[in-house]
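Participant: Starting from these lines, generate the structure:
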Amino acid sequence: MSAVESINNARVPSVAERRMRMPPIPDDFFSLITNEQRIALNQKQQSGWFVKFVRRPLFQPLEVVLSNPDGSEFLMLENNGVTRPFFNVRSDDLR
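Facilitator: This next block holds a predicted model:
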């Protein structure tokens, strides 16, 4: 078997394995976000946006990702309540 075949046959971990069976949105989500994020989230929810998932990188703040009702656009909710476009979404993240 060549090196290319072994790379192609390597098993890619599923999203659940990468999360270590953690839910996409933590149970204590509202206690983890800042007051500014709560205010911005409330405003976005009135327009139909919702929390799609939360990334929890080690030793870094939470990354809250919002989605529009169609699921065609994503926004990152910053710690200061500002939203910015978010393009780093893999289709596997949406399961």
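
Participant: Where do the helices of the protein begin and end?
Facilitator: Under the criterion DSSP state H, helices of the chain are mapped to 3-9, 15-19, 29-32, 35-46.

Participant: Are there helices or strands packed against the shortest one, and which ones?
Facilitator: Meaning helix 29-32. strand 50-55 (3 or more CB pairs under 8 Å, 6 or more residues apart in numbering; DSSP states H and E). C-beta: built from backbone N, CA, C; applies to glycine.

Participant: strands paired with the strand it packs on, and their directions?
Facilitator: Strand pairing for strand 50-55, using DSSP bridges, gives strand 63-67 (antiparallel).

Participant: now the strand it pairs with: how far from the chain's centre is it?
Facilitator: Relative to the centre of its chain, strand 63-67 is centred 5 Å away, using CA atoms, centre = their mean, to the nearest Å.

Participant: angle of that strand against helix 35-46?
Facilitator: Relative orientation of strand 63-67 versus helix 35-46 (axes from the mean of the first three to the mean of the last three CA atoms, to 10 degrees): 10 degrees.

Participant: before we move on, the earlier item: rank the helices of the chain by pLDDT, which is bottom?
Facilitator: For the helices of the chain, mean pLDDT drops lowest on helix 3-9, to a mean of 50.

Participant: Return stretch 63-78 as CSV; C-alpha atoms alone will do.
Facilitator: Listed next in CSV are the C-alpha coordinates belonging to stretch 63-78 (Å, rounded to 0.1, in the frame of the first residue of the first chain):
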residue,chain,number,x,y,z
GLU,A,63,-17.1,31.2,19.5
VAL,A,64,-20.8,31.6,19.1
VAL,A,65,-22.1,30.9,15.6
LEU,A,66,-25.5,32.2,14.5
SER,A,67,-27.5,31.1,11.5
ASN,A,68,-30.3,32.8,9.6
PRO,A,69,-33.6,30.9,9.2
ASP,A,70,-32.6,29.5,5.8
GLY,A,71,-29.3,28.2,7.0
SER,A,72,-27.6,30.0,4.2
GLU,A,73,-25.7,32.6,6.2
PHE,A,74,-23.7,32.5,9.3
LEU,A,75,-22.5,35.1,11.8
MET,A,76,-19.9,35.0,14.6
LEU,A,77,-21.1,36.7,17.7
GLU,A,78,-18.0,38.4,19.3
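
Participant: All good on my end, thank you.
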